[in-house]
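Enquirer: Next come a sequence and a model predicted from it.
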Amino acid sequence: MFKILCISGSLRPTSSNTDILKAIPQLAAWPDISFSIFEGLDQLPYFSPELDYEDATPAAAVADLRAQLQAADAVIVCTPEYAFGVPGVLKNALDWIVSSGEFVGKPTAVISASPMMTGGDKANASLVQTLKVMTATITADQILTIPTVRTKIDADGNITDTTLKADLVKIVNSLRSV
Ligand SMILES: Cc1cc2nc3c(=O)[nH]c(=O)nc-3n(C[C@H](O)[C@H](O)[C@H](O)COP(=O)(O)O)c2cc1C
């Protein structure tokens, strides 16, 4: 089984970004792929290097994030943009992974979704930069901005836009083939 861990940058219960991650497994028949969504973003302590020295026992939430990343063959991050940047909760999570290295060589897709025309492009570019510094493997076809997202998902969280569906299928297949 090829395991994909999905991480949403939004904590909102009705998040468009989380809806997209929840919808992906249904977009095609992938019998050899398992998808899971990381639930603990808001449980992580604020990152400080003082808490992250070499022999430190990490907080349970940090250990859980690291274990789920270790077990994953690939990662999909789907995030909103706040004030032209990556949401603090998501950046905080990534800061915990810099020293432990679970993103090293990890095939990773970077998706941003926004109700605006820009599709969260600034947050997307910033996230790509951060993950590349952490030496995640990100190819051009694994980067996607989704403008006017609320016109592309229905009230039940189903993706209604055929181009978006095709783009997401392409991303999963690309992660699978890295
Ligand atoms: C404080 C704040 C700042 C925001 N800044 C941006 C922004 O810079 N760019 C953008 O595209 N949307 C921005 N938005 C709108 C978000 O894209 C929108 O709330 C989106 O639905 C959040 O994604 P979600 O549905 O997955 O939670 C902002 C929203 C808030 C509350």
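Expert: Arrived safely.

Enquirer: which one's the longest helix in the protein?
Expert: If you go by DSSP state H, the chain has its longest helix at helix 162-177.

Enquirer: so how far is that one off the chain centroid?
Expert: In terms of C-alpha atoms, centre = their mean, to the nearest Å, the centre of helix 162-177 is found 14 Å from the chain centre.

Enquirer: Just give the number of residues close to A140.
Expert: When neighbours are counted by other C-beta atoms under 10 Å, A140 registers 6. For every residue, glycine as well, the C-beta is placed using N, CA and C.

Enquirer: Revised request: answer the last question for L11.
Expert: Per other C-beta under 10 Å, the neighbour tally for L11 reads 12.

Enquirer: Same check on E39?
Expert: By the other C-beta under 10 Å criterion, the neighbourhood of E39 contains 11 residues.

Enquirer: now swap in P87 and tell me
Expert: Neighbours around P87, by other C-beta under 10 Å: 22.

Enquirer: Who's the closest spatial neighbour of it, skipping the chain neighbours?
Expert: Distance criterion C-beta to C-beta, 6 or more residues apart in numbering; nearest residue to P87, sequence neighbours excluded, is G9 at 4.6 Å.

Enquirer: Counting neighbours, what do you get for the one you found?
Expert: Close neighbours of G9, defined as other C-beta under 10 Å, add up to 28.

Enquirer: from what I can see it touches V89, true?
Expert: Yes. The pair G9 and V89 passes the contact test of C-beta atoms under 8 Å, sitting 7.0 Å apart.

Enquirer: Name the residues contacting each of the two.
Expert: Common neighbours of G9 and V89 (criterion: C-beta atoms under 8 Å, 6 or more residues apart in numbering): L41.

Enquirer: residues contacting T139?
Expert: By C-beta under 8 Å, 6+ apart, the contact list for T139 reads S174, V178.

Enquirer: Over to it: give its phi and psi.
Expert: T139 adopts backbone torsions of phi -100, psi 160, taken as degrees, to the nearest 10.

Enquirer: near the ligand, which residues of the chain?
Expert: 10, 12, 15-17, 80-84, 114-116, 118, 120 (C-beta under 6 Å from any ligand atom).

Enquirer: Apply 8 Å and report the result again.
Expert: 8-12, 14-19, 78-85, 112-116, 118-120, 122-123, 149-150 (C-beta under 8 Å from any ligand atom).

Enquirer: can you pull the contacts of the residue of the chain most remote from its centre?
Expert: Here the chain reaches farthest from its C-alpha mean at D55, the gap being 28.1 Å by C-alpha atoms, centre = their mean. Counting by C-beta under 8 Å, 6+ apart, D55 touches no other residue.
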